[in-house]
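Q: return a 3D structure for these sequence lines:
(one chain, ligands or ions: 2)
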Amino acid sequence: MSDSSSVTPLVEMKGISKHFGEGPTRVDALVDITLNVNAGEVVGLLGPSGSGKSTLLHVIGAIVEPNEGWMRLDGDVVYDNRWLTSDLRRLRLDKIGFIFQYHNLLPFLEAVDNVAIVLTLAGWRRKDARARATELLEYLQVGHRRNAMPAQLSGGEGQRVAIARALANKPRIILADEPTASLDSERGGIVMDLLRKLAVEQQAAIIVVTHDDKILGRLDRIVQLRDGRMISSVSPPAPGVPKPNNPLVLTGA
Ligand SMILES: Nc1ncnc2c1ncn2[C@@H]1O[C@H](COP(=O)(O)OP(=O)(O)OP(=O)(O)O)[C@@H](O)[C@H]1O
Ligand SMILES: [Mg+2]
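A: Ligands and ions are numbered 1, 2, ... in the order given. Here you go, the predicted model:
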C-alpha cells in the first residue's frame, strides 16, 4: 500500500475562474475554484441550477477554456492561465472519460461498436478494439447485450454501455454529469455502485454532478457550488441521517 499523503491528486485546480460574456451580460460561472481529487475518490458536485457544476466538469474535461487559474491532470500541468497543449483532443482521449445524463450512444452502432469506436479513433485495430470493448461490457455486466442496438437497451443498460465507452481508453479521470438522472433509483444506485467500484479498482478519480440525494451516501466527498463559488467540501452524511438538519440537502436556490 502506498502512503496516501505522498500521492499526487489526479485533479488539481487552483484559482480557476470562468465567465461567459462581458459587461452587463457577464455571467461568472466559476469564481476562484480550488479543488483536488485523489485516485480512488468519488466526489459529488452539488448546487442549484446555474451554479456552475457542468462548467466545472467541462473545464476539467478540457471542453471549456477557463479565463484564469492553474490545473494539473494526472500529473501534467495542462493549464496555467492558458492551455499548455495545442492538442486538446489528445489530452481528452488520454486522460478523461465523460459520462452524460443521457447515454449519447450512436444509434446506428451496436453496443460493442459504440465502445470500440473510441479505440479505433485512437488508432486500435478493429478486432482488438472489439475484444477490449467486449471485455469492458462484461466488466460492467452488460456483455450479454453487446450486439444490441442502443434503441433496444434499457436505460440502465445504455448507461452502462456509455460508462464502458468512457472507460475504453483507460482514463484515470472520469467526469459524469447527472449520470443517474434518466434512471429510476434502483438503476441509479447500480450505476453509482459501478462508479465506486471503478474508483477503487482502477484507481480513478471520479467527479459526478448530481441532484439525487439518494446517492449522497455513495460519495466520498461532496463539493457544493453556489453562484460559481465553492461553498463547502465535506464528507457526506451517513445513510439514514434525517434531512431537516442536513445542510447538504438543497431546498432550492
Ligand atoms: N456557453 C455558455 N454561454 C453563456 N453562458 C453560459 C454557457 N454555459 C454556461 N453558462 C452560464 O454559466 C452559469 C453556470 O452554468 P452551468 O451549466 O455550469 O450550471 P449547472 O450548475 O450545471 O446548472 P444545471 O443544474 O441547470 O445543469 C449559468 O448561469 C449558465 O447560464
Ligand atoms: Mg449542468
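
Q: residues contacting the closest residue to Gly156 other than its chain neighbours?
A: Leaving aside its chain neighbours, Gly156 sits nearest to Arg187 (3.6 Å; criterion: C-beta to C-beta, 6 or more residues apart in numbering). For glycine as for every other residue, the C-beta is placed from the backbone atoms N, C-alpha and C. Going by C-beta atoms under 8 Å, 6 or more residues apart in numbering, Arg187 touches 154-156, 159, 180.

Q: mind picking the lowest-pLDDT entry from these?
A: pLDDT is lowest at Thr180 among those; the value there is 83.

Q: so that one touches Thr210, yeah?
A: Yes. The criterion here is C-beta atoms under 8 Å, and Thr180 meets it with Thr210 at 6.8 Å.

Q: just the mean pLDDT for the host helix or strand of Leu195, thanks.
A: Using DSSP states H and E, Leu195 sits in helix 185-201. When pLDDT is averaged over helix 185-201, the result is 84.

Q: next: stretch 87-94.
A: 89.

Q: okay, buried residues for it please.
A: Neighbour-count burial for stretch 87-94, counted by 16 or more other C-beta atoms under 10 Å, picks out 91-94.

Q: in helices, which of the residues you listed fall?
A: Mapping these onto helices (DSSP state H) picks out 91-94.

Q: low pLDDT regions in the stretch 101-250 of the chain?
A: 237-250 (pLDDT under 70).

Q: still on that earlier bit, closest to ligand 1 out of the contacts of Arg187?
A: Thr180 (13.9 Å; C-beta to the nearest ligand atom).

Q: ok so, going back, for the helix holding Leu195, output the C-alpha coordinates as CSV.
A: This file holds the C-alpha atoms of helix 185-201, laid out as CSV (Å, rounded to 0.1, in the frame of the first residue of the first chain):
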residue,chain,number,x,y,z
SER,A,185,-33.5,4.9,-8.1
GLU,A,186,-32.6,1.2,-8.3
ARG,A,187,-30.8,1.5,-11.6
GLY,A,188,-29.2,4.8,-10.5
GLY,A,189,-27.9,3.0,-7.4
ILE,A,190,-26.4,0.3,-9.6
VAL,A,191,-24.6,2.9,-11.8
MET,A,192,-23.3,4.7,-8.7
ASP,A,193,-22.1,1.4,-7.3
LEU,A,194,-20.2,0.7,-10.5
LEU,A,195,-18.6,4.1,-10.4
ARG,A,196,-17.4,3.4,-6.9
LYS,A,197,-16.0,0.1,-7.9
LEU,A,198,-14.2,1.8,-10.8
ALA,A,199,-12.7,4.4,-8.5
VAL,A,200,-11.3,1.7,-6.2
GLU,A,201,-10.3,-1.0,-8.8
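
Q: ok now it, how far from the chain's centre?
A: 12 Å (C-alpha atoms, centre = their mean, to the nearest Å).

Q: tell me which helix or strand comes right after it.
A: Downstream of helix 185-201, the first helix or strand assigned by DSSP H and E is strand 205-209.

Q: mind listing what that next one pairs with, with the direction of each?
A: Strand pairing for strand 205-209, determined by DSSP bridges: strand 42-46 (parallel), strand 173-177 (parallel).

Q: can you point out the buried residues in the first one?
A: By 16+ other C-beta under 10 Å, the buried positions in strand 42-46 come out as 42-46.

Q: tell me how far the helix or strand just after that strand is from the chain's mean position?
A: As assigned by DSSP H and E, the chain's next helix or strand after strand 42-46 is helix 53-60. Its chain's C-alpha centre lies 9 Å from the corresponding centre of helix 53-60 when counted by C-alpha atoms, centre = their mean.
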